[in-house]
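Engineer: Okay, sequence plus prediction incoming.
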Amino acid sequence: MKRSGHGRTGPQPHGNHAAAAPRTARGGDTPARAAVRLCGRAALAVALASPAAAQRPDPIGNQRRSVIGQAAARVAPSVVSVNVIRRQRATPRTVWEQYLIPRGYEQRVEGLGTGFIVSAAGLIITNQHVVAGAEQIIVTLRDGREFPARLLGEDGATDIAVVKVDTIGLPVAPIGTSRSLGIGDWVIAIGNPYGYVIGNSEPTVTAGVVSALGRDILPSEGQSGLYVDMIQTDAAINPGNSGGPLVNADGEVVGVNASILTQSGGNVGLGFAIPIERAMRVATDLATAGRVRRGWVGVEVSEPRPTSGGWRNQPGVTVVRLAPGGPGAEAGLQPGDVIDQLDGQVVRNFLRWERALLDLRPGDTLAVSVRRVGGAQTLVIRAADLPSETAARVSLRDVTLITVTPAIRAERRLGTSQGALVVTVGPETARRLGIQPGDVILQINTVVVTNAEQVAQVIGYFGGKGQVRLFFQRGFRVMYADVWAGS
């Protein structure tokens, strides 16, 4: 190894045999030779304390700290562990457990993820799936300090959440841009993989390259968020890394580690991160308003269930339904139109359409090129506020409801045209009744529900008269829950 600033090459003398070591005043012995006459730890202490050892040149010098190490050191102080406790219903796994576990029995389950600090006042970004359903959140800093955290807001569509700890003077992660990334660039994933078996709070660092950009991933069953326009990397991402930063070689956060593709449950080199621009935009909305202000166009397109890879390259997407009076209908779109370009970009499958809607704000415009009988045409859609955001709300204890209208049905893609949509629900009621945001209350006992106000009226009528049965729809399934109307 050749070292800059030195004329000699090759391995240098080490240990107690360094050249030109100073002599002692006793018999011309060097300190190392004098140490031989001592024993045990004293000999070692004298040898290590000798001037020769202290002045020995470092064969690596400043090259020991790599670019990767410097980048990781810049971000690591802002990386935290996000520990959550949630309740979930126990699912019997054997015939015996079906008899032994009471119906509705719940157990406390611990979860672990990662986050990074974006404000010295304690704002932390993580994944929504890390904190979903949590009744307790504890944040652990790199130095081992722990703080209780509260959830400021979460957005299932982008899988981003913001939590807050009540302290100041925290180290803040440097924020970069994903737009500057290129395929093959070095990137670093920092987080807490399998942190529940590791005894300290120092984050784990793994390195790799940007494998691809702009990845749109087909949603899996039960997945609420959309992983579109993602950064793909082979930097090792494992359970516990979720919510941690993806960092470029300059030590700047360029993404939020969110998901992996794997059959084993562990890293196989297919990790994905949310671009930091989207994460910061969503986090700003959540921190200031508790929700994301997202644009709505009132257009539903076909979503083919893929049986092969052919779905990835199709000649556009077909409009199947329009919300009456919605922005798409007002712009002139018609059922049966085939959308093949959005703002000049080719649309090859429905995920490209979803990507455009995910980042759309109220007031933004979207240029849509369509093919229809009679020729091609370009239309301009101006996005509006989501109907569910502007609808009148009805509060019933810790449950918030809105009336299902044609526009809300189109927005939420509901399987029913009437009822009361659950917008928010407190954790206690959610556990007791099993309802969750997105469910639609259809009927109470024999009374069919047509609007949100009716739910409050019917519950009030049965108040103190005993138990009532609540029927609600989730997706295309109808379920029920028994509730004590007087409680």
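Structural biologist: All right, it came through fine. If you're wondering where the values come from, they're calculated on a predicted model, not measured in any experiment.
Engineer: okay, and for the stretch 351-487 of the chain, where does confidence drop off?
Structural biologist: Confidence mapping of the stretch 351-487 of the chain against pLDDT under 70 gives the ranges 464, 485-487.
Engineer: Please apply the same query to the stretch 151-300 of the chain.
Structural biologist: Judged by pLDDT under 70, the stretches of the stretch 151-300 of the chain that qualify are 196, 221-224, 263.
Engineer: At which residues are the helices of the stretch 301-450 of the chain located?
Structural biologist: Along the stretch 301-450 of the chain, counting by DSSP state H, counting those that start in this stretch, helices occupy 327-331, 350-358, 387-390, 406-412, 427-433.
Engineer: Check which helices and strands the third one sits against.
Structural biologist: To tie it back to what came earlier, the one meant is helix 387-390. Here helix 387-390 touches helix 406-412, going by 3 or more Cβ pairs under 8 Å, 6 or more residues apart in numbering; DSSP states H and E. Quick note: C-beta positions are derived from backbone N, CA and C, even for glycine.
Engineer: For V347, grab the count of nearby residues.
Structural biologist: V347: 22 surrounding residues under other Cβ atoms under 10 Å.
Engineer: how much space between it and Q314?
Structural biologist: Computed as Cβ to Cβ, to the nearest Å, the V347 to Q314 distance reads 9 Å.
Engineer: one step back: G269 is nearest to which of the helices of the stretch 301-450 of the chain?
Structural biologist: helix 350-358 (22.1 Å; Cβ to Cβ).
Engineer: residues touching the residue nearest the centre of the chain, list them.
Structural biologist: Most central in the chain under Cα atoms, centre = their mean is N127, positioned 2.5 Å from the mean C-alpha point. Contact partners of N127, counting by Cβ atoms under 8 Å, 6 or more residues apart in numbering, are 113, 159-161, 242-243, 256, 258.
Engineer: Find the nearest non-adjacent residue to it, please.
Structural biologist: Distance criterion Cβ to Cβ, 6 or more residues apart in numbering; nearest residue to N127, sequence neighbours excluded, is G243 at 4.1 Å.
Engineer: these two touch, right, the one you found and T114?
Structural biologist: Yes. The criterion here is Cβ atoms under 8 Å, and G243 meets it with T114 at 4.6 Å.
Engineer: Looking at those two, which one has more neighbours?
Structural biologist: More crowded of G243 and T114, by other Cβ under 10 Å: G243, with 32 against 29.
Engineer: Relative to S259, how far out is T233?
Structural biologist: T233 is 11 Å from S259, by Cβ to Cβ.
Engineer: Those two: which has the busier surroundings?
Structural biologist: T233 (28 against 22).
Engineer: Touching, that one and G208? I think so.
Structural biologist: Yes. Using Cβ under 8 Å, T233 is in contact with G208, at 5.1 Å.
Engineer: intersection of neighbour lists for those two?
Structural biologist: Residues touching both T233 and G208 by Cβ under 8 Å, 6+ apart: 187, 189, 271.
Engineer: how about the residue nearest to N127, what does it touch?
Structural biologist: G243 sits next to 82, 113-116, 125-127, 130, 161, 191, 256-258 when contact means Cβ under 8 Å, 6+ apart.
Engineer: Highest neighbour count among these?
Structural biologist: In terms of neighbours by other Cβ under 10 Å, those top out with G115 at 32 neighbours.
Engineer: Skipping adjacent residues, who's closest to it in space?
Structural biologist: T126 (3.7 Å).
Engineer: now G169
Structural biologist: Per Cβ to Cβ, 6+ apart, closest to G169 is A120, 6.0 Å.
Engineer: residue contacts, that neighbour?
Structural biologist: For A120, the contacting residues are 168-172, by Cβ under 8 Å, 6+ apart.
Engineer: Also V399?
Structural biologist: Going by Cβ under 8 Å, 6+ apart, V399 touches 422, 424-426, 429, 435.
Engineer: Give me the buried subset of these.
Structural biologist: The neighbour count (16 or more other Cβ atoms under 10 Å) marks 422, 425, 429, 435 as buried among the contacts of V399.
Engineer: Who does L342 form a beta bridge with?
Structural biologist: Q345, V368 (DSSP bridges).
Engineer: number of nearby residues for it?
Structural biologist: Neighbours of L342 using other Cβ under 10 Å come to 20.
Engineer: That one and G214, how far apart?
Structural biologist: From L342 to G214 the distance is 14 Å (Cβ to Cβ).
Engineer: circling back to that earlier point, what two of the buried ones among the contacts of V399 have the greatest distance between them?
Structural biologist: Between any two of those, the greatest separation by Cβ to Cβ is 9.8 Å, found for V422 and T429.
Engineer: what touches both of these two?
Structural biologist: Taking Cβ under 8 Å, 6+ apart as the contact rule, V422 and T429 both touch 399, 435.
Engineer: buried ones in stretch 177-184?
Structural biologist: Residues of stretch 177-184 classed as buried: 178, 181 (neighbour count, 16+ other Cβ under 10 Å).
Engineer: Can I get it in CSV, CA atoms only?
Structural biologist: Presented in CSV, the C-alpha positions along stretch 177-184 are these (Å, rounded to 0.1, in the frame of the first residue of the first chain):
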residue,chain,number,x,y,z
THR,A,177,-33.4,15.2,-3.1
SER,A,178,-34.1,12.0,-4.8
ARG,A,179,-34.2,13.7,-8.2
SER,A,180,-30.4,13.9,-8.2
LEU,A,181,-30.0,10.1,-7.9
GLY,A,182,-28.8,7.9,-10.8
ILE,A,183,-28.8,4.2,-11.2
GLY,A,184,-25.6,2.8,-9.7
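Engineer: so P174 touches V254, yeah?
Structural biologist: No. Counting by Cβ under 8 Å, P174 does not reach V254; the two are 10.3 Å apart.
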